[in-house]
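Engineer: Sequence and predicted model, in that order:
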Amino acid sequence: MKNGIYSLLKAKFLISDDALKNWKFIVFLVILGMMAIANNHQYDAKNYRITELTNQVKELRSEFVDRRSELMKLKMESTVAKKMETREIFPSEVPPVKIVVESQENKKSFWDKLKIWQ
């Protein structure tokens, strides 16, 4: 037991006759560890990016809501009337009149009207 621990501490397994298989395994473990570390870094970078984009979406959504409410206020008839008063354009005091347009099917063509005269 004491001899085994002593040989392990002196790393005799790396310089013995069958050390090549041990070196291959060590290199494999190092490469596997490096791949795990790189994968973890890539995962963290994606998480930071997702968090950043989520915050940006929240900011843009709140800005959109603010702009939409501002637009609704600007579109109101009272707001438009106030802005037009500075240009001396006032709302009409006469109510609007509905214009009815007959459809083309019910309307006679010019040539049909000429036939009536004959």
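Structural biologist: Yep, it's here.
Engineer: For stretch 7-27, buried residues please.
Structural biologist: When burial is assessed from 16 or more other CB atoms under 10 Å, stretch 7-27 yields no buried residues. C-beta: built from backbone N, CA, C; applies to glycine.
Engineer: so where does Val27 fall, helix or strand?
Structural biologist: helix 19-75 (DSSP states H and E).
Engineer: for the very next helix or strand once past that helix, what is the average pLDDT?
Structural biologist: Using DSSP H and E, the helix or strand that follows helix 19-75 in sequence is helix 77-85. For helix 77-85, mean pLDDT rounds to 87.
Engineer: now helix 77-85 against helix 19-75, angle please.
Structural biologist: Here helix 77-85 runs at 70 degrees with respect to helix 19-75, directions being taken by axes from the mean of the first three to the mean of the last three CA atoms, to 10 degrees.
Engineer: next one: helix 77-85 to chain centre, how far?
Structural biologist: 36 Å (CA atoms, centre = their mean, to the nearest Å).
Engineer: Not counting it itself, show me its contacts.
Structural biologist: Residues external to helix 77-85 that are found in contact with it (CB atoms under 8 Å, 6 or more residues apart in numbering): 73-74, 90-91.
Engineer: farthest-separated two in those residues?
Structural biologist: Lys73 and Phe90 (20.6 Å; CB to CB).
Engineer: Any stretches of this protein with poor pLDDT?
Structural biologist: Scanning the chain for pLDDT under 70 picks out the ranges 1, 6, 8-10, 13, 103-110, 112-118.
Engineer: From Ile50, how far out is the residue positioned nearest the centre of the chain?
Structural biologist: Centroid-nearest residue in the chain, with CA atoms, centre = their mean: Val57, separated by 6.5 Å. For Val57, the distance to Ile50 (CB to CB, to the nearest Å) stands at 10 Å.
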